[in-house]
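Chemist: sequence first, then the predicted structure, then my questions.
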Amino acid sequence: DTEVTQTPKHLVMGMTNKKSLKCEQHMGHRAMYWYKQKAKKPPELMFVYSYEKLSINESVPSRFSPECPNSSLLNLHLHALQPEDSALYLCASSQVAGVDQPQHFGDGTRLSIL
Amino acid sequence: RKEVEQDPGPFNVPEGATVAFNCTYSNSASQSFFWYRQDCRKEPKLLMSVYSSGNEDGRFTAQLNRASQYISLLIRDSKLSDSATYLCAALNQGGKLIFGQGTELSVKP
């Protein structure tokens, strides 16, 4: 069982909808991440939060808006998405964002944009 | 050139075979390396961290060669349950994890 919990597991939304993806971990990790994975491709980093502060934004379009309310929670707010944004969105966490710290992934939210 | 490159696969091997995956990385500042396993429509699961001295966990052995910027994963006595995609990953400054494109392994009876 994964120790990083993501909700919802599946999400279908129209291009004008606003929705949020949620991620939670209770391992005391201080770094959390969002990745996007398209079919038959590896995960690609979107955002890194370190001690609840955004430390890396991989030039992600503003229609994706991350939020870290506290050290256990990470949200990804979605607005006006495009069909090409359909993908598996993975949350991960690690003790800190740095050397020798493996990242542990949640089981993802499968997002479809109509 | 991709920052992390893997053997393209797929690898189709019989049960009991030994299979090796290789991965090269181009960023000499990469600090740590990992192998993940990903089953179809599931999340990546950490298989092993990779250390310069090499490390072994049961049937799995990982090696790192910093001089050649190369990491490897060896699976001995393959099981049907080893069938999955294997992803190598390099960890850069600030927690930026860069994955290779993944190698699909299919173990047949």
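Modeler: All right, it came through fine.
Chemist: bridged to residue B:56, which residues?
Modeler: Listed beta-bridge partners, residue B:56: residue B:61 (assigned using DSSP bridges).
Chemist: in chain B, which residue sits nearest chain A?
Modeler: Closest to chain A within chain B is residue B:95: 3.1 Å, counting by CB to the nearest CB. To be clear about C-beta, it is placed using only N, CA and C from the backbone, and glycine gets the same treatment.
Chemist: what number of residues are in the vicinity of that residue?
Modeler: 24 (other CB atoms under 10 Å in any protein chain shown).
Chemist: for it, what are its contacts?
Modeler: A:31, A:33, A:48, A:50, A:55, A:56, A:94, A:96, A:97, A:98, A:101, A:103 (CB atoms under 8 Å, 6 or more residues apart in numbering or on different chains).
Chemist: quick one: secondary structure of the nearest residue to it once chain neighbours are set aside?
Modeler: Nearest residue to residue B:95, sequence neighbours excluded (CB to CB, 6 or more residues apart in numbering or on different chains): residue A:97, at 3.1 Å. Put simply, residue A:97 is coil when judged by DSSP: H, G, I helix; E, B strand; the rest coil.
Chemist: I'd guessed residue A:97 sits against residue B:94; true?
Modeler: Yes. Contact status for residue A:97 versus residue B:94: in contact at 5.6 Å, counting by CB atoms under 8 Å.
Chemist: what's opposite residue B:35 in the beta bridge?
Modeler: residue B:48, residue B:88.
Chemist: residue B:51 is in contact with that one, correct?
Modeler: No. With contact defined as CB under 8 Å, residue B:35 does not reach residue B:51; the gap is 11.8 Å.
Chemist: quick one: which of those two has more around it?
Modeler: residue B:35 (22 against 13).
Chemist: how many neighbours does residue 63 have?
Modeler: I'll assume chain A. 14.
Chemist: nope, chain B please
Modeler: By the measure other CB under 10 Å, the count of residues near residue B:63 is 19.
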